[in-house]
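Novice: fold the following and give me the result.
(chains A and B)
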Amino acid sequence: MVAVRFHGRGGQGAKTASRILGTAAFISGYVAQDAPIYGAERRGAPVAAFTRFGREPIRERGAIAHPDVIVVADASLLDDAVAHVLDGVTGQTVLFVNSSLSADLLRTHLSLPEQVTVRDVTGIALQQLGAREAISALLGAVAARLVGLAWEPVRSAIDGELRDLGLAEPVIERNLTVARQCYDSVEPATLPQGTAQAVGAASLHQPTYEPPTKGTARIAAAGNSVLRETGGWRTFRPVLIPDKCNGCWLCFVYCPDGVITMNQEDRPVVDYDHCKGCQICVHECPTHALIAEREQEGGVAWTAK
Amino acid sequence: MWQRETFKKIKQIPRDEHVLPGTALCAGCGGLEALRLAAKVLGDHVVYVNAAGCFTMLAAYPYTSFKGSWLYTTMGSAPAGAQGIRDALDVLIGKGRVPKDEDVKVIVLGGDGSTYDMALSSTSGAMNRKLDFYYICYDNEAYGNTGMQLSPATPFAARTATSPCGLQHPAATIQEKKDIFEIWRAHRPPYIATVAPRYPLDLEEKFARAAAFTGPKMFLALAACPTGWLYDPGATPEVAKLAVETGLWPLKEAINGVVTHTYIPKRKPVEAYLQLQGRFRHLFEPTVQTEAIRHIQEQVDAYWRQAT
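Specialist: Okay, the predicted model is just below:
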């Protein structure tokens, strides 16, 4: 059995990528399963999805604790302790990272396994598809290549999944073309000797209960959500061109998270620790004084949790 | 002609923030935008009673984005929770155990799944008992927190996880959006209003006006939803604007049952709104579903014929 774990941020297509891989494996004649994690999945928040496939019926269910392959849709997740991207990694684990940095550069501040492939899939999507989030087909193709699946089943899996999402024919065609490029740009990896399925009787876990005064999730603090930084969610950051700003307050008013304050000269100041990068301010600025700049890993978004 | 009295200029919107950042809500959430603006008028002397839904993420243990209190309830029971808090406050203040100046406003936060569906009876009960509270429904027209399943607030022809396009139903959702405003109005609460985040002064004015009334103060907020409606998060204000400008989301209030439209749109064709969103994409691709689009337009036209 081969176990592949996908990590992404909500909206990037990690879930669809895992479905594409599962479907492609199934079409190739394998037994396959894929499932996203269920929880507070949110645009920009860390999400995970799991694909297993093999020749024998797969009895395992749920999250993959010991993946053979890890596909990371957003390099900023590597630094996010909450995302648990590198959990269960061994020396043999195959890691793919979507990043504009090189594997060596990533290694300078992270301990990564031996087999690391890095491609700037977001850059390719931006350049060729004109969308920053449309990388599910590309990630699915890369993952399928790493585990050694042939192109034809991958092609029909992408076609089927994107069609189910209701995408138009030309969009699907463009995705297929670019997915093929991504597929060809990586080499099949040397997979670990196949993960053995857990055997033996399941043990029953008895939960313990606390009295309600102790056992409920009561928050005794007020307004402490600011301790949680959401700046790492961004792909693009809003940047102010001060000369163009007419001090109209619209960016401040429309920001859903309230991360823009107006300073004494009526110019917006963005709290980059919390800005999620929705780009509402950029869209709504009447004088185009706010522009979107792609986040460079190593900047604020890279270190923000 | 309806006129704003308190909020005439953008720069009158208070600078203070009462819903703090760091929440796990989606980037570009229209519901959060509406709540943030509302909270600028409501202040910090509040208790939020939150029905399970996307807004659960506002106070996910161990972090809260509120400076005031927050109580979590099931989807069906937030107005009952509000009743309990209001009664407790009234009794404790009456007995002198809580000083009168420490009284707080009780505010229910419910999504459309809760409001239109599961909590309909407890909301009806609270209105019937003339409970002195605010109710804010953030309406993103589906069960969003669980992955966009059909709710009674889902409009005709929107594609959701549980109302996909099929051979039998090529236009996806076949039912019409429930008219919760009229259901509320039948209870004759003193104040009801619809708001949209792209119209901040209209929104602030309505919350300021509601403060004068004792009893149920009901708000229906358009929560344009990039995740579920499938558009780029940056387009949230644009989508909310077109919902209003096409006439699909009327901005109105009802004082003791008397309805006033607070903004009369010129009514752009509904396509302008539908085309922006992936949940309506099947109406335009691969073939244009003229009949379904015409139906939506006719519903809007019929509404405004009786409204004006």
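Novice: average model confidence for stretch A:94-114?
Specialist: Averaging pLDDT along stretch A:94-114 yields 87.
Novice: partners of whatever residue of the stretch 1-150 of chain A ends up closest to chain B in the sheet?
Specialist: Nearest to chain B, among the residues of the stretch 1-150 of chain A, is A:R43, at 3.9 Å (Cβ to the nearest Cβ). Backbone N, C-alpha and C define where each C-beta goes, glycine included. Per DSSP bridges, the residues bridged to A:R43 are A:G10.
Novice: what sits against it?
Specialist: Counting by Cβ atoms under 8 Å, 6 or more residues apart in numbering or on different chains, A:R43 touches A:9-11, A:233, A:276, B:26-28, B:226-227, B:233.
Novice: of these - the most surrounded one?
Specialist: B:G28 (31 neighbours; other Cβ atoms under 10 Å in any protein chain shown).
Novice: report the separation between B:K252 and B:L35.
Specialist: 20 Å (Cβ to Cβ, to the nearest Å).
Novice: between these two, which is the more surrounded one?
Specialist: B:L35 (28 against 19).
Novice: how about the more buried one: what's its closest non-neighbour residue?
Specialist: Leaving out its chain neighbours, the residue that sits closest to B:L35 by Cβ to Cβ, 6 or more residues apart in numbering or on different chains is B:V19, at 5.8 Å.
Novice: okay, the residue of the stretch 1-150 of chain A closest to chain B: pLDDT?
Specialist: 73.
Novice: and for the one 10 residues further on?
Specialist: For A:F53, the model assigns a pLDDT of 95.
Novice: which helix or strand contains it?
Specialist: Using DSSP states H and E, A:F53 sits within strand A:46-54.
Novice: kindly report the same for A:E161.
Specialist: Per DSSP H and E: helix A:151-164 holds A:E161.
Novice: buried sites along stretch B:203-210?
Specialist: B:203-207, B:209-210 (16 or more other Cβ atoms under 10 Å in any protein chain shown).
Novice: turn these into CSV, including distance to A:M262 and secondary structure.
Specialist: Listed next are these as CSV, based on distance: Cβ to Cβ, whole Å; DSSP: H, G, I helix; E, B strand; the rest coil:
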residue, distance to A:M262, secondary structure
B:L203, 19, helix
B:E204, 16, helix
B:E205, 21, helix
B:K206, 24, helix
B:F207, 21, helix
B:R209, 26, helix
B:A210, 27, helix
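Novice: for the stretch 51-200 of chain B, what lies in contact range of chain A?
Specialist: B:57-68, B:70, B:159, B:165, B:197-198, B:200 (Cβ under 8 Å from any Cβ of the partner chain).
Novice: from those residues, which land in strands?
Specialist: Judged by DSSP state E, these include B:W70 as members of strands.
Novice: mind giving me the PyMOL select for the residues of the stretch 51-200 of chain B next to chain A, buried ones only?
Specialist: In PyMOL syntax, the buried subset of those is picked out as below (16+ other Cβ under 10 Å):
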select buried, chain B and resi 57+58+59+60+63+64+65+66+67+68+70+159+165+197+198+200
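Novice: find the residue at the geometric middle of chain A.
Specialist: A:G8 (1.3 Å; Cα atoms, centre = their mean).
Novice: which SSE is immediately downstream of the strand or helix carrying that one?
Specialist: Assigned by DSSP H and E, A:G8 belongs to strand A:2-9. Note on strand A:2-9: by DSSP H and E, the next helix or strand toward the C-terminus is helix A:14-27.
Novice: run through who's touching that following helix.
Specialist: A:4, A:6-8, A:32-36, A:47-51, A:53, A:71, A:73, A:135-137, A:139-141, A:143-144, A:147, A:149, A:153-154, A:156-158, A:160-161, A:165.
Novice: how about the residue in the stretch 51-200 of chain A that chain B sits nearest to: what's its closest non-neighbour residue?
Specialist: In the stretch 51-200 of chain A, the residue found nearest to chain B is A:A168; the distance is 4.6 Å by Cβ to the nearest Cβ. The shortest distance from A:A168 to any non-neighbouring residue, by Cβ to Cβ, 6+ apart, is to B:E285 (4.6 Å).
Novice: wasn't the one you found part of a strand?
Specialist: No: under DSSP: H, G, I helix; E, B strand; the rest coil, B:E285 sits outside any strand and is assigned coil.
Novice: list the contacts of it.
Specialist: Counted by Cβ under 8 Å, 6+ apart, B:E285 has contacts A:166, A:168-169.
Novice: with pLDDT, secondary structure and neighbour count added, can I get those in TSV?
Specialist: Listed next are the contacts of B:E285 as TSV, based on pLDDT from 0 to 100; DSSP: H, G, I helix; E, B strand; the rest coil; neighbours: other Cβ atoms under 10 Å in any protein chain shown:
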residue	pLDDT	secondary structure	neighbour count
A:G166	75	coil	19
A:A168	81	coil	14
A:E169	86	helix	11
